[in-house]
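In: Provided below for reference: sequence and predicted model.
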Amino acid sequence: MDFKSYLVRRLIAMVVTFWGILTLVFGISRIIPGNPAAVIAGAKATEEQIQSIREQYGLNDPLSEQYVDFMYNLIVNQEIGQSVATQRPVVQELTARFPATFELTTGAVVFALVIGIPLGIGSAIYKDESLDHGSRFMAISGVSVPQFWMAILAQLLFYSYLGWLPSGGRFPQNLVKPPEATGMMLVDSALALRLDAFLASLEHLALPVIVLSLGTLAQTTRITRSSMIETLNQDYIEWSRAHGFKSKVILIRHALRNAVMPVITAVGLSYGLLLGGSVVIEIVFNIRGIGLFLYNAVLATDFNGILGVTVIFAMGYLLVNFFVDVLHTYIDPEVEVSG
């Protein structure tokens with residue numbers, strides 16, 4: 001199979017998977033307990049008012065009609081309806097909140113790569129020494145400690161006791177925000193040439209990024225270490241050493257290139273998962289992103305809100321997987337392009 005056919009096949013599989021996810025979540029959201037019309041109407045609403053709201057939102061229509069309307073509006077009109085929790089269009093809510101989640105998730109992945117890859121390489125080179133033992137302990141801790149517990153501990157240590165970093169939010173209230181260009185505080189501050197705003201945004205982003213990255217950091221370190229150890233024991237590495245190649249050349253040009261392939265795959269998958277995993281972090285650190293919106297949507301039995309977030313998470317995860325596969329074949333052209 002040539003590369004073009006492979007891309008077409010992957011795109012078709014991605015579209016089918018995306019449709020299946022939306023269909024599944026639509027069905028689940030309609031059978032969970034709760035009455036969104038009663039939530040909208042309020043605690044003192046009469047039965048007539050509740051029924052009127054159900055008619056307004058199409059909740060009395062057969063499920064098949066609701067499903068067709070949902071898919072048509074999503075594909076043709078790029079609309080998901082109105083949020084029960086906020087009384088605003090879901091697309092408008094997601095557009096406003098996505099930059100915060102994207103900035104948080106991207107920062108966590110970058111932090112995990114910048115720290116995890118060098119740490120994994122060092123652990124492989126100095127196997128069974130102090131650095132290796134320390135990195136393995138960190139990896140085990142990173143995947144073992146619950147994320148919400150680590151977030152609370154980080155707040156207690158760096159905010160309550162040390163006073164080094166803020167406890168939550170994205171920007172200090174006593175500072176003028178930069179003009180909004182992208183919705184991402186770091187980027188907007190840089191575009192506005194506001195060093196004070198950039199540093200303030202970085203301070204607010206530091207704790208949630210570090211806590212969110214711990215699982216990916218542990219995974220990156222562990223996979224890099226294992227891949228490097230396996231690669232350094234290959235025959236061609238021994239041949240390069242025997243022929244007098246410098247250790248730096250062997251490490252960078254040969255060992256690292258082959259060892260990084262599993263890391264790219266794992267981190268790519270983690271990036272998609274972090275979009276959904278940011279819910280806990282956004283709640284604890286009071287970040288008005290998609291995760292916090294999802295939490296409120298679930299509490300309010302907000303069908304449209306839940307479906308809207310699912311669209312974002314599913315699309316992000318599938319796109320990341322697709323680009324990881326393409327990058328895989330680009331880095332290593334000898335990888336066989338197969339289904």
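Out: All right, it came through fine. Numbers count the residues shown, from 1 in each chain.
In: Domains in this protein, by residue range?
Out: Structural domains assigned to the chain are 3-75, 92-331, following automatic domain parsing.
In: would you list every one of the helices in the chain?
Out: Ranges of helices in the chain, per DSSP state H, are 3-31, 36-41, 47-56, 63-75, 90-125, 130-144, 147-155, 185-191, 195-232, 235-242, 247-249, 256-284, 290-299, 303-331.
In: Pipe those into CSV and attach mean pLDDT, distance to S83 and mean neighbour count per row.
Out: Heads up, the C-betas are built off the backbone N, CA and C, glycines and all. Listed next are the helices of the chain as CSV, based on pLDDT from 0 to 100; distance: least, Cβ to Cβ, whole Å; neighbours: other Cβ atoms under 10 Å:
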stretch, mean pLDDT, distance to S83, mean neighbour count
helix 3-31, 82, 13, 14
helix 36-41, 69, 10, 20
helix 47-56, 80, 14, 14
helix 63-75, 83, 14, 14
helix 90-125, 89, 5, 21
helix 130-144, 81, 34, 15
helix 147-155, 88, 25, 17
helix 185-191, 91, 24, 19
helix 195-232, 88, 24, 21
helix 235-242, 68, 56, 12
helix 247-249, 64, 55, 10
helix 256-284, 78, 17, 20
helix 290-299, 87, 7, 22
helix 303-331, 81, 5, 19
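In: who wins for proximity to Y161 among those?
Out: Among the helices of the chain, the nearest to Y161 by Cβ to Cβ is helix 147-155 (9.8 Å).
In: re earlier: would you reformat the helices of the chain as CSV and include distance to G81?
Out: Converted to CSV, these look like this (distance: least, Cβ to Cβ, whole Å):
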stretch, distance to G81
helix 3-31, 12
helix 36-41, 11
helix 47-56, 11
helix 63-75, 7
helix 90-125, 6
helix 130-144, 38
helix 147-155, 31
helix 185-191, 29
helix 195-232, 30
helix 235-242, 57
helix 247-249, 57
helix 256-284, 21
helix 290-299, 12
helix 303-331, 4
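In: Any chance of the domains of the chain in JSON lines with distance to A85 as columns?
Out: Formatted as JSON lines, the domains of the chain follow (distance: least, Cβ to Cβ, whole Å):
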{"stretch": "domain 3-75", "distance to A85": "8"}
{"stretch": "domain 92-331", "distance to A85": "4"}
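In: Just give the closest residue to I53, not the sequence neighbours.
Out: In space, and not counting its chain neighbours, I53 is closest to A37: 4.2 Å by Cβ to Cβ, 6 or more residues apart in numbering.
In: residues touching that neighbour, list them.
Out: Applying Cβ atoms under 8 Å, 6 or more residues apart in numbering, one finds that A37 lies in contact with I50, Q51, I53, R54, Y57, L59.
In: how close does it get to G305?
Out: The gap separating A37 from G305 is 14 Å, by Cβ to Cβ, to the nearest Å.
In: and stretch 163-171, how far apart are its ends?
Out: One end of stretch 163-171 sits 16 Å from the other (Cα to Cα, to the nearest Å).
In: Can you give the distance of it from its chain's centre?
Out: Taking Cα atoms, centre = their mean, to the nearest Å, one finds the center of stretch 163-171 at 21 Å from the center of the full chain.
In: now do stretch 222-232
Out: Distance, stretch centre to chain centre, for stretch 222-232: 25 Å (Cα atoms, centre = their mean).
In: Equivalent analysis for stretch 147-164, please.
Out: In terms of Cα atoms, centre = their mean, the centre of stretch 147-164 is found 22 Å from the chain centre.
In: now stretch 123-133
Out: Stretch 123-133 sits 30 Å away from the centroid of its parent chain (Cα atoms, centre = their mean).
In: Dump the C-alpha coordinates for it into PDB.
Out: Extracted C-alpha coordinates of stretch 123-133, given in PDB (Å, rounded to 0.1, in the frame of the first residue of the first chain):
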ATOM      1  CA  SER A 123      18.700   7.000  33.100                       C
ATOM      2  CA  ALA A 124      19.600   4.800  30.200                       C
ATOM      3  CA  ILE A 125      23.200   6.000  30.000                       C
ATOM      4  CA  TYR A 126      23.700   5.700  33.800                       C
ATOM      5  CA  LYS A 127      21.700   2.600  34.300                       C
ATOM      6  CA  ASP A 128      21.300   1.300  37.900                       C
ATOM      7  CA  GLU A 129      23.000   4.500  39.300                       C
ATOM      8  CA  SER A 130      21.500   7.200  41.400                       C
ATOM      9  CA  LEU A 131      20.000   9.100  38.500                       C
ATOM     10  CA  ASP A 132      18.300   6.000  37.200                       C
ATOM     11  CA  HIS A 133      16.900   5.100  40.600                       C
END
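In: ok, now which ones touch L175?
Out: So L175 contacts D196, A197, A200 (Cβ under 8 Å, 6+ apart).
In: same deal with I121?
Out: So I121 contacts T224, R225, M228, L251, L256 (Cβ under 8 Å, 6+ apart).
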